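Colleague: Sequence and predicted model, in that order:
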Amino acid sequence: MRKIEYLKKGQCIWCLLSKPIVKFKTKPHTIPRTLNNENIGFDICDSCNSFFGTDNNGSIVSYSLDKISKEFFNVHKFLLTNKNSESWKEFKSQFFNYYHKSGKLKIKVDYIRNPSYANEFTRKFKRGIYNMFLQEYHRITENGLDEKFNKIREFVRNNNGDIPLYYLVSNNGIRLTENIDEPLEIHFNDLSLKIIDNYGYYHFTMTGLNFYLFVTDKAYENIDFIEKEANKLIGSGFVFIDFIELKRINQIDFTLNNWGI
Ligand SMILES: [Zn+2]
């Protein structure tokens, strides 16, 4: 029996290589498997797939991109589903401490004692978000090889350059916008695809966290428009209070209460 290949366009969306230089035999989860076991992508070669999922002990932050994304959204999910007085005891995380009495979750990243570690951690988190974006975008549209995404490839796969990630700061309390028992998704519809084409940005929502991604160069020309759109949400009386460029991972509110930075 011929083994399945996860290939449609014949070229890896990350390294742009084709067969036989690279293989496409490993099932590529577009969103880390523990968050979503169902969305299987294509045109992600075995070596890129393994790169995103493998820890690197040579790096200042050894955790893989997948592991960092997985943990972030899993702990957030934990908070949102922390329903009874006992469930918190099951909390396990490599990156967070949970303080039950105050309901606070605090990331184990110390900006004062170890700023280079903290900055690298933030950078890896950002790369993980852009990683999920391009893989899901390609799964839905088959257009992820477009050269307008070259900066994302450089940033995520080769760790070159930088792309801003904006964050919609929520007030004291997260609002659940999706069914948390379902596999976690990021959504694309006609409108969000049109926004990517015309304005170059993508509004990424998962477990009630909201990010704005600069997915093509057009986003830089449209920063005023993007801010205006984000401000509409802030002005809607919803829980959002600010729109900021994420520079430090602990700018993200991971609790039902605000916690000191
Ligand atoms: Zn590749």
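Modeller: Arrived safely, thanks for sending.

Colleague: Retrieve the pLDDT associated with the residue of the stretch 51-200 of the chain found nearest the ion.
Modeller: The nearest approach of the stretch 51-200 of the chain to the ion comes at residue 157, 7.4 Å away (Cβ to the ion). Backbone N, C-alpha and C define where each C-beta goes, glycine included. pLDDT for residue 157: 98.

Colleague: how about the closest residue to it other than its chain neighbours, what does it touch?
Modeller: Residue nearest to residue 157 in three dimensions, not counting chain neighbours: residue 14, with 4.4 Å by Cβ to Cβ, 6 or more residues apart in numbering. Contacts for residue 14 were tallied using Cβ atoms under 8 Å, 6 or more residues apart in numbering; they are 44-45, 48, 134, 153, 156-157.

Colleague: swap in residue 217?
Modeller: When contacts are counted by Cβ under 8 Å, 6+ apart, residue 217 touches 148, 151, 200.

Colleague: which of these has the most neighbours?
Modeller: Scoring these on neighbours with other Cβ atoms under 10 Å, the highest-scoring entry is residue 200 at 21 neighbours.

Colleague: Next up, phi/psi of that one, please.
Modeller: phi 80, psi 10 (degrees, to the nearest 10).

Colleague: Now it: closest residue in space that isn't a chain neighbour?
Modeller: Counting by Cβ to Cβ, 6+ apart, residue 218 is the residue found nearest to residue 200 once chain neighbours are left out, at 2.9 Å.

Colleague: tell me which element residue 231 is part of?
Modeller: In this assignment (DSSP states H and E), residue 231 forms part of helix 223-234.

Colleague: actually residue 124, not the one I typed
Modeller: Counting by DSSP H and E, residue 124 is part of helix 115-141.

Colleague: cool, and residue 13?
Modeller: Per DSSP H and E, there is no helix or strand for residue 13.

Colleague: Tell me who's in contact with it.
Modeller: Going by Cβ under 8 Å, 6+ apart, the list of residues near residue 13 reads 43-44, 134-135, 138, 144-145, 149, 153.

Colleague: Could you identify which of those has the most neighbours?
Modeller: That'd be residue 44 among those, by other Cβ under 10 Å, with 29 neighbours.

Colleague: show me what contacts the residue nearest to that residue when sequence neighbours are not counted?
Modeller: Among residues not flanking residue 44 along the chain, residue 28 sits closest, at 3.9 Å (Cβ to Cβ, 6+ apart). Residue 28 makes contact with 6, 40-42, 44, 49, 135, according to Cβ under 8 Å, 6+ apart.

Colleague: Would you mind measuring from residue 28 to the ion?
Modeller: For residue 28, the distance to the ion equals 10 Å [Cβ to the ion, to the nearest Å].

Colleague: Residue numbering should commence at 436 henceforth.
Modeller: With the count now opening at 436, the last piece we talked about shows up as residue 463.

Colleague: what about that residue, distance to residue 590?
Modeller: Using Cβ to Cβ, to the nearest Å, residue 463 is found at 19 Å from residue 590.
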